[in-house]
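Asks: Kindly generate the corresponding structure for this input.
(one chain, ligands or ions: 2)
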Amino acid sequence: MNIAILGYGKMGKIIEKMATERGHSVPLKVGREGFVASDLDDIDVAIDFSLPSVAFENITACLKAGVPVVSGTTGWLEKKPEVEALCKEVNGSFLYASNFSLGVNLFFALNKHLANLMNPHDYRASMLEVHHTQKLDAPSGTAITLAEDLIDNSDSLSSWKLVEKNEDAEKGELPIRAERVDPTPGTHVINYSSEIDDIEIKHTAHNRNGFALGAVIAAEFLFENPGIQTMNNVLGLN
Ligand SMILES: NC(=O)C1=CN([C@@H]2O[C@H](COP(=O)(O)OP(=O)(O)OC[C@H]3O[C@@H](n4cnc5c(N)ncnc54)[C@H](O)[C@@H]3O)[C@@H](O)[C@H]2O)C=CC1
Ligand SMILES: O=C(O)C1=N[C@H](C(=O)O)C[C@H](O)C1
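Replies: Numbers count the residues shown, from 1 in each chain. Ligands and ions are numbered 1, 2, ... in the order given. Coordinates of the predicted model:
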C-alpha cells in the first residue's frame, strides 16, 4: 500500500520503519507544514499520529479526499462523533484507537472482566497513568478508554476525574492520576483497594514498537475492510 504518515514525530518515524518492513511505501510524510488534498493522490491509507490541535482537520481532509484514515492521536475526542458522521456521509473508512498495541488491547479486555468481577465487592477503584514529559494531553487516551470500560461495568461509579490525589475524587468518581516522567513510553495501573488488601493490574510499554506495529496492521485491515472499524475487529477480540 501507499501510506501517508500525518505527524512525523516520535510515532510517525517508527510507523514509517514498520510500514516499510512490511512491504509498504510511504510517499507522503507530513509535519507542521500540513498538506493539501492533491498531496493525497495515489495514497491508499493515511495514518495520523499528530497533535490534538490538528488531528480533526487532518482526518476530515483525508475523508473528504476519499482516503481511509487510521487515527492514533489522542486529546481531540470531543470531535469524534463529527468525524464518524462525516465518514458515513462520504461512505469513507475510519479507525480510531487510543492504543494500538496488542498488549494494551488484551489489557482492555482484562480490565472489563476485572471490573465486572469486582462490582459486587467493597473496593475503591483508582487509576494511574505515567508518560514522558512531552505528552500534551492528560489523562492519556488509553486511561480514558480504561476508565470508560471500568465505569460501564460498575454500579457505584458514574464518571472519572483527573486528580492529584485519589482523595480528591467524590463518591461515584473514578480518580485518575497522571504522572510525567521521562522517558516512559506509557504505563497504566488499575488498583482496587480495601481495608484488608489491594488488587492491581498493570501494563508497561517498554518502547513504542507495539503502538506502531498495531497502527500499520490496522491500516492493512482498514484498506481491506472499509467503514468505521475498531481494534477489536482488527485483532478478532470481539
Ligand atoms: N493510539 C496510540 O497507540 C498512540 C497514540 N499516541 C498519540 O499520538 C500522538 C503523537 O505522538 P508522538 O509521535 O509521541 O508526538 P510527537 O510530538 O513526537 O509528534 C507529533 C508530530 O506532529 C507534527 N505536526 C505538527 N503539525 C502537524 C500537522 N498540521 N499535520 C501533521 N503533523 C503535524 C509535529 O511536527 C510532530 O512532529 C499523540 O497524540 C499521542 O498521544 C502516541 C503513541 C501511541
Ligand atoms: O502520547 C503517548 O506517548 C501515548 N499516547 C497514547 C495515549 O494517550 O494513551 C498511547 C500511549 O499510552 C502512548
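Asks: From now on I want contacts and neighbour counts done on CA atoms only, so please keep to that.
Replies: Noted.
Asks: Now do the contacts for the most centrally placed residue in the chain.
Replies: Nearest to the mean C-alpha position of the chain, counting by C-alpha atoms, centre = their mean, stands S98 at 0.9 Å. Contacts for S98 (C-alpha atoms under 8 Å, 6 or more residues apart in numbering) come out as G72, T73, T74, G141, T142, T145.
Asks: out of those, which touch ligand 1?
Replies: With the criterion set as C-alpha under 6 Å from any ligand atom, the members of those near ligand 1 are G72, T73, T74.
Asks: would you turn these into TSV with pLDDT, neighbour count and secondary structure?
Replies: Conversion of the ones next to ligand 1 among the contacts of S98 to TSV gives the following (pLDDT from 0 to 100; neighbours: other C-alpha atoms under 10 Å; DSSP: H, G, I helix; E, B strand; the rest coil):
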residue	pLDDT	neighbour count	secondary structure
G72	98	23	coil
T73	98	25	coil
T74	97	25	coil
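Asks: could those be laid out in JSON lines, adding distance to E173?
Replies: As requested, those are arranged in JSON lines below (distance: C-alpha to C-alpha, whole Å):
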{"residue": "G72", "distance to E173": "27"}
{"residue": "T73", "distance to E173": "26"}
{"residue": "T74", "distance to E173": "22"}
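Asks: Pick the one among the residues you listed closest to E179.
Replies: Using C-alpha to C-alpha, the shortest approach to E179 within the ones next to ligand 1 among the contacts of S98 belongs to T74, at 16.6 Å.
Asks: and the closest one, what is it in contact with?
Replies: By C-alpha under 8 Å, 6+ apart, the contact set of T74 is L51, P52, S98, D137, S140, G141.
Asks: so where do the strands sit in the chain?
Replies: With DSSP state E, the ranges of strands along the chain come out as 2-6, 25-30, 45-48, 69-71, 94-96, 124-131, 159-162, 173-180, 187-193, 198-204, 228-229.
Asks: does ligand 1 sit close to the second one?
Replies: Yep, that's strand 25-30 we're talking about. Yes. Residues of strand 25-30 contacting ligand 1 under C-alpha under 6 Å from any ligand atom: V30.
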